[in-house]
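> Take this sequence and fold it.
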Amino acid sequence: MPTYEYKCTKCKHQFEAVQKMTDKPLTRCPECRCKIKRLIGAGAGVIFKGSGFYTTDYRSDSYKKGAQSEKKSSGDDSTSSGEDKGSGDSKPKKDSGKSSPDGGDSPGKKKTAE
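Numbering: from 1, shown residues only. This is a model prediction of the structure:
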């Protein structure tokens, strides 16, 4: 049942009353028996319980792509001008020669056709 807030027009006494939505509004102050006015309340806040309620759960695909590109552009390399970074794709950079793409220990040199 909703909680309604009332305020007396004479003595300014403010109180709450739990009523059904179909009940008639109260008309008299419990303190001085004068007229009262029902106030507009903010209502109840939404409470999410359980796991899995995140602000990004129901975002559109275009929003997610924009957020990813913004995240990449504001990454932890604050001294560079951003020229070394990719065009926002999630593709890995070209081989740096340190390791092979398959994760092995061999150098990452590209094979040439012989």
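> in the protein, which spans are strands?
Using DSSP state E, the strands of the chain run over residues 3-8, 14-18, 36-39.
> Now render those as a markdown table, adding mean pLDDT and distance to Phe48.
The way it works is simple: take the backbone N, C-alpha and C, and place the C-beta from them, glycine included. Compiled in a markdown table, these are given as follows (pLDDT from 0 to 100; distance: least, Cβ to Cβ, whole Å):
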| stretch | mean pLDDT | distance to Phe48 |
| --- | --- | --- |
| strand 3-8 | 92 | 21 |
| strand 14-18 | 92 | 24 |
| strand 36-39 | 92 | 27 |
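> Distance check, Tyr6 against Lys35.
The gap separating Tyr6 from Lys35 is 10 Å, by Cβ to Cβ, to the nearest Å.
> One more: Gly66?
Here Gly66 is placed at a distance of 54 Å from Lys35 (Cβ to Cβ).
> And for Gln14?
14 Å.
> where does the chain have low pLDDT?
For the chain, the stretches with pLDDT under 70 are 43, 50-59, 75-114.
> Mind doing that once more with 50?
78-86 (pLDDT under 50).
> Spit out the residues that contact Tyr6 and Lys35 alike.
Common contact partners of Tyr6 and Lys35 (Cβ atoms under 8 Å, 6 or more residues apart in numbering): Cys29.
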